[in-house]
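Visitor: Quick one: sequence plus predicted model below, questions after.
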Amino acid sequence: MPELPEVDTVVSDLNEIITGKRIRGLFSIGRKNIKFYDDVSSNLTIKQKIKSVERRGKYILIHLNNNSTIVVHLRMTGQLLYLLQNIGTSQLKHIRAVLNFSDDSKLVFNDTRNFGEISFFQDKKSLTSYLSKLGREPLEIKNDEFVSLFKNKKGNIKANLLRQDLICGIGNIYADESLFLSQIHPQTKCTNLSEGELLSLIRSIKKVLKNAIDLRGTSMRDYLDVNGNSGKYSTTLNVYGRTKIPCKTCGNEIQKIKVAGRGTHFCPNCQQK
DNA sequence: GACAATGTTACAGT
DNA sequence: CACTGTAACATTGT
């Protein structure tokens, strides 16, 4: 699922839909689905109002009126679905947690593979410390900062793009798509990239992410927005999931290899080492 | 049955 | 020490 554009779509929808709602309770199915970093109970969320919803990297931050925050990470298959009071959940086979509101609507956390995570932070200090592991936001970093951050990194460019402690929010789909736009081979060593190539890459990253946000993300298999709708970026993809399909630019077949442990798609003609 | 899947982290090996 | 690859988490679909 969910990389920056998908998480951003969920967050902006949630901000419009649940801001100001009062929480009646947070229920988790199975003990391990909610982690409490501050050794406090989720009872602290009861009767609180939603202050705002924010994104940091691939994390969804649901800020409450008492300064505490519920943090959700969807990992591979998580979905946050907003349901009105009269909507049942029998269709959803992997509900892990439910946030109930006082108007009887609810936010359901459905996650097939159960990799997703809900964490609870009592105050901004502990939240900030938890999020401090994250690197820069790709849509906010200055182009020259990106260049200096990446130009001397060890290893290949794709592995480094996936590192959330350098730049956060890029996942497998948008790494492949950004590298294609800049005609950079995913296995190119960072040290072999010119400043011009890195400059081109950060421009591609911003372009790809913004375009994907405009189209409300990519749905490969599991991703749905809070209203249960698919993202529409899927048809815009140039390389991801297009193995053996002709390149939209040159007609050569898109290749799939393994880089940094992940399936990696590229055009062997447009992207040469 | 084997394998891969949008993510992240821990650990073994080189 | 640094980097790379694999396993692990759990489930589904091809």
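Guide: Sure, I can see it.
Visitor: okay, CA-based contacts and neighbour counts for the rest of this
Guide: Fine.
Visitor: in the stretch 101-250 of chain A, which spans are helices?
Guide: Using DSSP state H, counting those that start in this stretch, the helices of the stretch 101-250 of chain A run over A:124-131, A:143-150, A:157-161, A:172-181, A:195-214.
Visitor: who wins for proximity to DNA strand B among those helices?
Guide: Closest to DNA strand B of these, according to CA to the nearest atom of the strand: helix A:172-181, at 3.9 Å.
Visitor: For that closest one, give me every contacting residue.
Guide: Identification of contacts with helix A:172-181 by CA atoms under 8 Å, 6 or more residues apart in numbering yields A:3, A:158, A:161-162, A:185-186, A:201, A:204-205, A:208-209, A:237-240, A:262-267, A:270-271.
Visitor: 6 Å instead, please
Guide: Residues outside helix A:172-181 that contact it (CA atoms under 6 Å, 6 or more residues apart in numbering): A:S204, A:I205, A:Y240.
Visitor: now the helices of the stretch 101-250 of chain A as TSV including mean neighbour count, distance to A:Q79 and mean pLDDT?
Guide: What follows is the helices of the stretch 101-250 of chain A, written out as TSV (neighbours: other CA atoms under 10 Å; distance: least, CA to CA, whole Å; pLDDT from 0 to 100):
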stretch	mean neighbour count	distance to A:Q79	mean pLDDT
helix A:124-131	13	21	91
helix A:143-150	16	31	94
helix A:157-161	23	24	94
helix A:172-181	23	18	96
helix A:195-214	19	17	96
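Visitor: Reformat the ones you listed as JSON lines; add distance to DNA strand B.
Guide: Below are the helices of the stretch 101-250 of chain A laid out as JSON lines (distance: least, CA to the nearest atom of the strand, whole Å):
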{"stretch": "helix A:124-131", "distance to DNA strand B": "9"}
{"stretch": "helix A:143-150", "distance to DNA strand B": "18"}
{"stretch": "helix A:157-161", "distance to DNA strand B": "10"}
{"stretch": "helix A:172-181", "distance to DNA strand B": "4"}
{"stretch": "helix A:195-214", "distance to DNA strand B": "12"}
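Visitor: Reformat these as TSV; add distance to A:E137.
Guide: Formatted as TSV, the helices of the stretch 101-250 of chain A follow (distance: least, CA to CA, whole Å):
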stretch	distance to A:E137
helix A:124-131	12
helix A:143-150	10
helix A:157-161	12
helix A:172-181	14
helix A:195-214	10
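Visitor: Tell me how far the residue in the stretch 51-200 of chain A that DNA strand B sits nearest to lies from DNA strand C.
Guide: Using CA to the nearest atom of the strand, the single residue of the stretch 51-200 of chain A nearest to DNA strand B is A:G171, 3.0 Å away. Here the criterion is CA to the nearest atom of the strand, to the nearest Å. By it, A:G171 lies 14 Å from DNA strand C.
Visitor: Please work out the average pLDDT along stretch A:75-87.
Guide: When pLDDT is averaged over stretch A:75-87, the result is 91.
Visitor: for stretch A:263-273, same thing?
Guide: The model assigns stretch A:263-273 a mean pLDDT of 93.
Visitor: which parts of that stretch are buried?
Guide: Going by neighbour count (16 or more other CA atoms under 10 Å), the buried part of stretch A:263-273 is A:T264, A:H265, A:F266, A:C267, A:P268, A:N269, A:C270, A:Q271.
Visitor: residue contacts, the nearest residue to the fourth one once chain neighbours are set aside?
Guide: Leaving out its chain neighbours, the residue that sits closest to A:C267 by CA to CA, 6 or more residues apart in numbering is A:I254, at 4.7 Å. Listed by CA under 6 Å, 6+ apart, the contact partners of A:I254 are A:T243, A:K244, A:I245, A:C247, A:F266, A:C267.
Visitor: tell me the pLDDT at A:I254?
Guide: On the pLDDT scale, A:I254 gets 95.
Visitor: same thing with A:D39?
Guide: 48.
Visitor: which parts of the stretch 51-200 of chain A sit against DNA strand B?
Guide: A:57-58, A:75-77, A:115, A:162, A:164, A:169-173 (CA under 7 Å from any atom of the strand).
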